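**Q** one predicted model, sequence on top.
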Amino acid sequence: MYSYISKQNLPIDLEEAWGFLSDPKNLKTITPGYMGFDILSGADRKMFPGQIIQYILTPILGIPFRWVTEITHVEKGHYFVDEQRFGPYTFWHHKHFIEEIPNGVQMTDIVDYKLPLGFLGRFAHWLFIKKKVKSIFDYREQKLESIFGKYK
């Protein structure tokens, strides 16, 4: 099992942050183009518990993966959780927290995940998956700063 934690401060208020982050259509905006990310269904409403969202992505060698997540917990304006129901990971649990700080908000993402294939999965994590997960969050951070500005 692996964990990844990302924190980012943005110079926007809680309402604006929640409005953007709780809209599944914005996932494509903050996902790197090389991932080939497209939402197939489930993004027609703001996030709610029980929502199923289906995506297709091509993160490795152009091989398409179908990914199905469920939004399992939502506390409006504070946090939501998405969990993989079908996809490339054995386990994926992603918590998104938003809290007010002076002059903005702090977003914290905590992802706990597990790869399939035992030793091969662990080797792939060491070789490139860990870097890929980090690069996705690095891209997201840069994209959110370009949309909302840099926190000072």
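**A** Noted; the coordinates are in hand. Numbering: from 1, shown residues only.

**Q** where exactly do the strands run in the chain?
**A** 2-10, 38-41, 51-60, 63-75, 79-86, 91-101, 104-114 (DSSP state E).

**Q** beta partners of Ile98?
**A** Met107 (DSSP bridges).

**Q** so it sits against Met107, correct?
**A** Yes: with contacts counted by Cβ atoms under 8 Å, Ile98 reaches Met107, the gap being 5.4 Å. Placement of C-beta: from N, CA and C, glycine included.

**Q** which neighbours do those two have in common?
**A** Common contacts of Ile98 and Met107, defined by Cβ atoms under 8 Å, 6 or more residues apart in numbering, comprise Ala17, Leu21.

**Q** picking that back up, among the strands of the chain, which comes closest to Lys143?
**A** strand 2-10 (10.6 Å; Cβ to Cβ).

**Q** okay, now the sheet partners of that closest one, with direction.
**A** strand 104-114 (antiparallel).

**Q** mind exporting the strand it pairs with as PDB, just the C-alpha atoms?
**A** Output of strand 104-114 as PDB, limited to C-alpha atoms (Å, rounded to 0.1, in the frame of the first residue of the first chain):
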ATOM      1  CA  GLY A 104      -7.200  31.900   0.800                       C
ATOM      2  CA  VAL A 105      -7.700  28.200   1.100                       C
ATOM      3  CA  GLN A 106      -5.400  25.200   1.600                       C
ATOM      4  CA  MET A 107      -6.200  22.100  -0.300                       C
ATOM      5  CA  THR A 108      -4.900  18.800   0.900                       C
ATOM      6  CA  ASP A 109      -5.100  15.600  -1.100                       C
ATOM      7  CA  ILE A 110      -4.400  12.200   0.500                       C
ATOM      8  CA  VAL A 111      -4.300   9.300  -1.800                       C
ATOM      9  CA  ASP A 112      -3.900   5.700  -0.500                       C
ATOM     10  CA  TYR A 113      -3.400   3.200  -3.300                       C
ATOM     11  CA  LYS A 114      -2.300  -0.300  -4.100                       C
END
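
**Q** next, the angle strand 91-101 makes with that strand.
**A** 170 degrees (axes from the mean of the first three to the mean of the last three Cα atoms, to 10 degrees).

**Q** quick one: contacts of strand 104-114?
**A** 1-14, 17, 21, 89-99, 121, 133, 137, 144, 151.
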